[in-house]
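**Q** what follows is a predicted structure for the sequence shown.
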Amino acid sequence: QVQLVESGGGLVQAGGSLRLSCAASGRTFSSYTMGWFRQAPGKEREFVAAISWNSGTIKYADSVKGRFTISRDNPKNTVYLQMNSLKPEDTAVYYCAANPSLAMATMSFSSRYNAWGQGTQVTVSS
């Protein structure tokens, strides 16, 4: 099973940018659907973005469309989340997740992912 490690979180002012990375172990990374989720204090974990194995299918939550970009580099076993125009409501712990293969209709469901990273904190100050 793939193991995931996120990095790149931190404290940023509103309007700023951050790029999160998720490094995966395992030789089958290139076949996995990868997702980003986030969880703010007192709230449920929510979907942010997902990308299919060949980057042919990409999905975003409405709240981040036009501001966040998900991408992957299969030879480097890494998926990225570029976050621009950050808002205080983007403050959360961000998690990377993986699943061998997901249809587009299910990419936003956290229950469909079977591997998770430990999370990285993103704090956006106003």
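**A** All right, it came through fine. Numbering: from 1, shown residues only.

**Q** so residue 104 touches residue 56, yeah?
**A** No: the criterion here is C-beta atoms under 8 Å, and residue 104 misses it with residue 56 at 9.8 Å. C-beta: built from backbone N, CA, C; applies to glycine.

**Q** look at those two and report which has more neighbours.
**A** residue 104 (13 against 8; other C-beta atoms under 10 Å).

**Q** show me where the chain has strands.
**A** Assigned by DSSP state E, the strands in the chain fall at 4-7, 10-13, 18-24, 33-39, 46-51, 58-60, 68-73, 78-83, 92-99, 115-116, 120-125.

**Q** okay if I get those strands as JSON lines plus mean neighbour count?
**A** As requested, the strands of the chain are arranged in JSON lines below (neighbours: other C-beta atoms under 10 Å):
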{"stretch": "strand 4-7", "mean neighbour count": "19"}
{"stretch": "strand 10-13", "mean neighbour count": "13"}
{"stretch": "strand 18-24", "mean neighbour count": "20"}
{"stretch": "strand 33-39", "mean neighbour count": "24"}
{"stretch": "strand 46-51", "mean neighbour count": "22"}
{"stretch": "strand 58-60", "mean neighbour count": "18"}
{"stretch": "strand 68-73", "mean neighbour count": "18"}
{"stretch": "strand 78-83", "mean neighbour count": "22"}
{"stretch": "strand 92-99", "mean neighbour count": "23"}
{"stretch": "strand 115-116", "mean neighbour count": "18"}
{"stretch": "strand 120-125", "mean neighbour count": "17"}
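
**Q** for residue 109, which of those is the nearest?
**A** Nearest of these to residue 109, taken as C-beta to C-beta: strand 46-51 at 7.6 Å.

**Q** tell me which strands and helices the closest one is in contact with?
**A** On a contact count with 3 or more C-beta pairs under 8 Å, 6 or more residues apart in numbering; DSSP states H and E, strand 46-51 meets strand 33-39, strand 58-60, strand 68-73, strand 78-83.

**Q** run the chain-centre distance for that strand.
**A** Remark: strand 46-51 is offset 6 Å from the chain centroid, using C-alpha atoms, centre = their mean, to the nearest Å.
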